[in-house]
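> Just the structure for this:
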Amino acid sequence: MADSNRKTPDGFHKKPSLQNGIILLLLLALLATGAYSMSGSRRSWSAEAETTAPQFEEEQTKVSSEGDADRGIRIPGYSVIMVPAGTKNVSVDLYNPEENEVYFKVKLTLSDTGEEIYASKLLKPGQHLYEIELNRALEAGDYRLLLEYETLSMDGSYSGKNGAKLNCILRAA
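Take a look at the predicted model:
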């Protein structure tokens with residue numbers, strides 16, 4: 001029969017623990033249960049995949065009414081606006097898209113200094129500005145520009161709507 005009071009290398013006595021044996025048996029049982037359940041789930045998944053057709057969402061249509069506010073406001077964007085250097089009178093194409101149901105006011109501000117170099121009056125939908133007068137002539141170079149669109153309702157109240165502020169480059173050449 002084995003000695004129940006074995007000595008460890010450091011000289012202490014160690015008794016075999018019933019608790020350690022139970023923990024080992026529980027771990028083995030858990031591993032066996034996990035392996036069994038994983039093998040069973042693979043079989044049921046593949047069988048289900050072979051017999052079940054894919055499910056698709058039903059097609060939906062959006063119900064809209066005349067004057068639907070969800071259409072949004074179209075805002076033109078620019079990466080670079082080119083103008084001639086040394087003159088206040090410049091050719092551009094600033095516009096309010098004809099699909100909009102709002103007026104536009106367009107403002108050009110130099111981002112680095114905060115200097116406003118142009119502000120328009122109201123633009124109707126579909127209206128373009130091809131020639132504008134800047135507040136001052138610009139020397140040749142690239143300027144960081146804040147292009148601001150203020151949008152106003154067309155119902156006579158001229159109340160503000162969703163506007164936009166866009167960053168672009170103003171290139172004076």
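
> just for this structure, where's the confidence low?
Within the chain, the stretches falling below the threshold (pLDDT under 70) are 1-16, 35-51, 62-70.

> which stretches of it form strands?
Remark: strands assigned in the chain by DSSP state E are 6-7, 13-14, 80-83, 89-95, 102-110, 116-119, 128-133, 141-153, 164-172.

> Of those strands, which is nearest Phe56?
Comparison of these against Phe56 by C-beta to C-beta identifies strand 164-172 as nearest, at 37.0 Å. C-betas here are computed from N, CA, C, even on glycine.

> can you give me the offset of the closest one from its chain's centre?
When distances are taken as C-alpha atoms, centre = their mean, to the nearest Å, strand 164-172 is centred 21 Å away from the chain's centroid.

> Show me the contact partners of it.
75, 77-86, 108, 110-111, 138-149 (C-beta atoms under 8 Å, 6 or more residues apart in numbering).

> In ChimeraX, select just the buried ones from these.
Selecting in ChimeraX just the buried members of the contacts of strand 164-172, where the criterion is 16 or more other C-beta atoms under 10 Å, is done with this command:
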select :75,78,81,83,108,138,143,145,146,147,148,149
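
> could the strands of the chain go into TSV alongside distance to Phe56?
Putting those into TSV (distance: least, C-beta to C-beta, whole Å) gives the following:
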stretch	distance to Phe56
strand 6-7	68
strand 13-14	65
strand 80-83	45
strand 89-95	42
strand 102-110	39
strand 116-119	52
strand 128-133	45
strand 141-153	39
strand 164-172	37
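
> deepest of those, which one?
For the strands of the chain, the stretch with the most neighbours on average is strand 102-110, a mean of 20; neighbours defined as mean count of other C-beta atoms under 10 Å.

> From the contact counts, what lies against it?
strand 116-119, strand 141-153 (3 or more C-beta pairs under 8 Å, 6 or more residues apart in numbering; DSSP states H and E).

> Need those strands in JSON lines (columns: distance to Leu24).
Shown next, in JSON lines, are the helices and strands packed on strand 102-110 (distance: least, C-beta to C-beta, whole Å):
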{"stretch": "strand 116-119", "distance to Leu24": "80"}
{"stretch": "strand 141-153", "distance to Leu24": "71"}
